[in-house]
Each structure stands twice: as C-alpha cells, then as structure tokens.
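S.K.: Quick one: sequence and predicted model below, then my questions.
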Amino acid sequence: MDPTLCCRWPRSRLSRVTRFAQRYVGEVSDATIGRHLRIARRLGVGGMARVYLCWDLEASRWCAVKVISDEMAEVPAHRARFVQEARAMAQLRHPHILELFSLADDVESPFLVMEHAAGGNLYDRLIASGPLGPGEAAYLMADVCAALQSAHDEGIVHRDIKPPNLLLTAEGRVQVGDFGVARFEQELRLTRNNMTVGTLAYMAPEQGQDPRRVDPRSDVYSAGACLFAVLTAQRPIELLGLKRTAALSRLPDGLRQIVDQATALDPRRRIASAADLETELRRVAVGLPGVGPLLLTPARLPEPPPEPDLLLDPGELLGTQRPWSGDGLIPGVLRAAITPTAGGPERVAAPRRRRRRRWIAALCLLLLGCSGGCAGLAAAAGAALARAGLLS
C-alpha cells in the first residue's frame, strides 16, 4: 500500500499514539525537535508545555526547548499566550532575564528555544537546601528587581514572579524566566474581560481583585513575597492574612521593613518601583551575613552529540514535506532508530535502556500497524527498525 495513505489517518487516533510515545521521549536520546534540536533529556512537564534539554546542531550549544502540549496547541487562546511569552522575551535583553534564541510558531505545536539555566530553579534549591542567608537572599532578589525594572521600562509586567520562575545558572546567578502570563502595560489598561492569572501566594491583592489594576507595583509585591519565601523557605500566603505581623517577625533585622513595605496591601503605600526595591536591598545587604553566590552542585551536561551522518526526514516516510513539530515523536523514534549512535552522548545503564527502547519501538510499531490504512507506514517503519537492529 502507498505509504502516503497514512496521511489520511484520523487526527484523533494519531494524537493518541503520539501522546503514548511522548511519555517515553526522555528515553529516546537521539529524538529531535524540528530539524536541528537533538533531545538529551526532559527537564520538566507542566499543564501547558514540556521543556527539554537539547543540543542545537546548528549553533553548537545547549538550550532549553519549550514545546506547547497537543491539547493547548489546539486552543487559540492558549496558543496565543504561548506566542505572547516569546513576544515579551524577545523585547528584553538583560543579564538576569532568560534569553530567547528563537520561536517556531508556524508548526503544528509551536516551541521556544531558550537559554538553558543549568542550576535549576530557586524553588528546588529551597526544597533541597532550606532558606538562604540574609545577605545571599538580599543580593539575589536585588538582581531579580533589576531584571523586573528592565521589563517595566519596556512596558511589560511579569505578573507571576515566584521561586519556580527564578532560574539559576551553574554559578548561582539568577535569571527571571517564564513570561507566559506577562502582559504589556498598555494592553492591561485596555482589557475589559481579562481573567486573573498568577499564583495566589505571590499575587498582589489588586491582581486578584481586578486584573485591569495590575501595574509594575504588582511585580514589586511579588518580589517582596519571594524575598519572604527565600528567607523562610515557606509560602508567603500569611502576608495576606491576620498572621501578617507574626510572619514578618520571623524575618531578620534589616529585611523585615523592606518586606513589609514591598508587600503593603495598598499599592499606594508600597515601594514605588522595582528599581527602588533594588536600591534598598543592595543598601541593606552590605551589612548582612551570608553574602556570596549560591552554593550549587555543579550541573553535569551530557557530551554534545555528534552531528548525525544520516537523518530520516519525516516527509520522506509520510510522502509530505510538511515541517514536523516537537510533538511528532513517532518519526522521532524512527529517526533515533536509524541514527548512528557511536560516539553519542554518554548513557547510564546502556544495555537496560536499549532493551527498553526496543520494547517501546516495537509497541509503537504494533499500534501503527493496528489500522489497515497504515499498513504502508508500518511496513516502512518495520524496515527502518530492522535495519537499526531494534527488532532483532
């Protein structure tokens, strides 16, 4: 049967098989996103997107690739929000803001290619090691405020500053990431039916009451709430309730007043700008103990994979030249199967992983072969897998 007939496979059935294979993408070391991003491992999964550590074959560097999920890509509002993140990041150039390298939005599942922060995020750091020292926390949040002021100068309000969105380099330098709910200040004033977005524990009161009232002072509140969190390793939800005074009393001298002023419930009584908050933090930090870079375990990145000698283009198998998105993981498995692996990234417990990949590949092939209309694809896939030795 002509392999091109598989293009008529119902989208819903193809999506089910794709999602099945997606669960194992972290186990397929040579799968690719687009044509030049080789997946090394999965970094995280959220409700809207997945993030992978990839080696950029064209730029010869490690990067983080954020791919919108199948379900979100089919909803125009979520797809627009995903592109909005790229729009915000593209306008910003600051040493403490995660750099955006590129955006692919003309494919079925758009993806962002970003700078990779090898030190993880601040939330994981707090879970693993507890609260930061007073000086350490003050300097770190001062850098965050510098990044926020840079965004505010461009008319961008982040709206979701919290420890998981504060990323760390291997040296401990903080970078603000995840501009997925950021909005341009002019758009906020013009919006009539805007929904509340953000994270409650770090959200300014006015942000929860009326999103149209959000302005740079809302980010100042969130930065103050983050400062509370990094000093106590506790969620700052108490700052919004009757226990506010008791919560503030647990903070070290010098920073207690700053947190109190930054998180004032009335934005008119709040520290006026991120720049002013940065100035106060740097002034106080000089006399505080615990000053220095974050103590992080050095991040180990895989060895850069060699440029492959042979890559099977999905269009050659499917009889179409449509660009393949990051969610096209069935061809990703086939691509991994026929790509030479000698000299590739170091693998842990290689024999066991190879066996697992054989079972995964065989099961994907079985699912593909269950439909009579996909006999051509199953035959082509079987031949490719057999040549790679995965079905032997």
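M.R.: Looks like it came in fine.
S.K.: So what would you say the end-to-end distance of stretch 31-38 is?
M.R.: 6 Å (CA to CA, to the nearest Å).
S.K.: Report the separation between G287 and A262.
M.R.: 19 Å (CB to CB, to the nearest Å). All C-beta atoms are positioned from the backbone trio N, CA, C, and that covers glycine.
S.K.: got it, and E108?
M.R.: 43 Å.
S.K.: before we move on, what about D210?
M.R.: D210 is 21 Å from A262, by CB to CB.
S.K.: With neighbour numbers in mind, choose between those two.
M.R.: A262 (28 against 11; other CB atoms under 10 Å).
S.K.: Give me the below-cutoff pLDDT ranges for the chain.
M.R.: Scanning the chain for pLDDT under 70 picks out the ranges 1-30, 180-198, 290-392.
S.K.: Got the domain ranges for the chain?
M.R.: Structural domains annotated on the chain: 3-117+301-388, 122-285, as defined by automatic domain parsing.
S.K.: what's the span of the last one, first residue to last?
M.R.: The distance separating the two terminal residues of domain 122-285, taken as CA to CA, comes to 19 Å.
S.K.: can you check stretch 42-52 too?
M.R.: Termini of stretch 42-52 sit 4 Å apart (CA to CA).
S.K.: Could I get the buried residue list for that stretch?
M.R.: Across stretch 42-52, burial judged by 16 or more other CB atoms under 10 Å covers 42-43, 48-52.
S.K.: Could you do stretch 139-158 as well?
M.R.: 139-152, 156-158.
S.K.: now swap in stretch 155-171 and tell me
M.R.: 156-170.
S.K.: Equivalent analysis for stretch 85-103, please.
M.R.: 85-86, 88-89, 92, 94, 96-100, 102-103.
S.K.: Ok, stretch 122-129 next?
M.R.: Applying 16+ other CB under 10 Å to stretch 122-129 flags 122-123, 125-126 as buried.
S.K.: Let me have the residues you listed in JSON lines, extended by distance to P267 and secondary structure.
M.R.: Output for the buried residues of stretch 122-129, formatted as JSON lines (distance: CB to CB, whole Å; DSSP: H, G, I helix; E, B strand; the rest coil):
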{"residue": "L122", "distance to P267": "25", "secondary structure": "helix"}
{"residue": "Y123", "distance to P267": "26", "secondary structure": "helix"}
{"residue": "R125", "distance to P267": "30", "secondary structure": "helix"}
{"residue": "L126", "distance to P267": "27", "secondary structure": "helix"}
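S.K.: With distance to A223 added, can I get those residues in a markdown table?
M.R.: Converted to a markdown table, the buried residues of stretch 122-129 look like this (distance: CB to CB, whole Å):
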| residue | distance to A223 |
| --- | --- |
| L122 | 12 |
| Y123 | 15 |
| R125 | 17 |
| L126 | 16 |
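S.K.: what's the closest of those to M114?
M.R.: Closest approach between those and M114, by CB to CB: L122, at 17.1 Å.
S.K.: which residues touch the closest residue to E99 other than its chain neighbours?
M.R.: Of all residues not flanking E99 in the chain, E115 sits nearest, at 4.2 Å (CB to CB, 6 or more residues apart in numbering). E115 sits next to 63-64, 98-101, 175 when contact means CB atoms under 8 Å, 6 or more residues apart in numbering.
S.K.: What about the buried residues of stretch 155-171, which are in strands?
M.R.: 156-157, 166-168 (DSSP state E).
S.K.: Make a markdown table from those and add distance to L255 to it.
M.R.: Formatted as a markdown table, these follow (distance: CB to CB, whole Å):
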| residue | distance to L255 |
| --- | --- |
| I156 | 27 |
| V157 | 24 |
| L166 | 17 |
| L167 | 23 |
| L168 | 20 |
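S.K.: nearest to L248, of the residues you listed?
M.R.: L166 (21.6 Å).
S.K.: how close does V113 get to L255?
M.R.: In terms of CB to CB, V113 sits 37 Å off from L255.
S.K.: how about C63, secondary structure?
M.R.: Under DSSP: H, G, I helix; E, B strand; the rest coil, C63 falls in the strand class.
S.K.: Bridged to it, which residues?
M.R.: Listed by DSSP bridges, the beta-bridge partners for C63 are C54.
S.K.: Please look at it and M114 and confirm they touch.
M.R.: Yes - between C63 and M114 a contact is recorded at 6.4 Å, counting by CB atoms under 8 Å.
S.K.: Need the residues touching each of these two.
M.R.: F101.
S.K.: Which one of those two is surrounded by more residues?
M.R.: Neighbours were counted for C63 and for M114 using other CB under 10 Å; M114 has more, 24 against 19.
S.K.: The more buried one and A64 touch, don't they?
M.R.: Yes - counting by CB under 8 Å, A64 is a contact partner of M114 at 4.8 Å.
S.K.: show me what contacts the closest residue to S222 other than its chain neighbours?
M.R.: Distances taken as CB to CB, 6+ apart place I161 nearest to S222, at 3.7 Å, with adjacent residues excluded. Contacts for I161 were tallied using CB under 8 Å, 6+ apart; they are 144, 148, 176, 202, 219, 222-223, 225-226.
S.K.: now swap in P110 and tell me
M.R.: 67-68, 73, 79, 82-83, 103-104, 325.
S.K.: Which ones among those residues lie within helices?
M.R.: 73, 79, 82-83 (DSSP state H).
S.K.: re the thing from before, rebuild the buried residues of stretch 42-52 as TSV, extending it with distance to A275.
M.R.: Formatted as TSV, those follow (distance: CB to CB, whole Å):
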residue	distance to A275
R42	37
L43	32
M48	31
A49	31
R50	35
V51	31
Y52	35
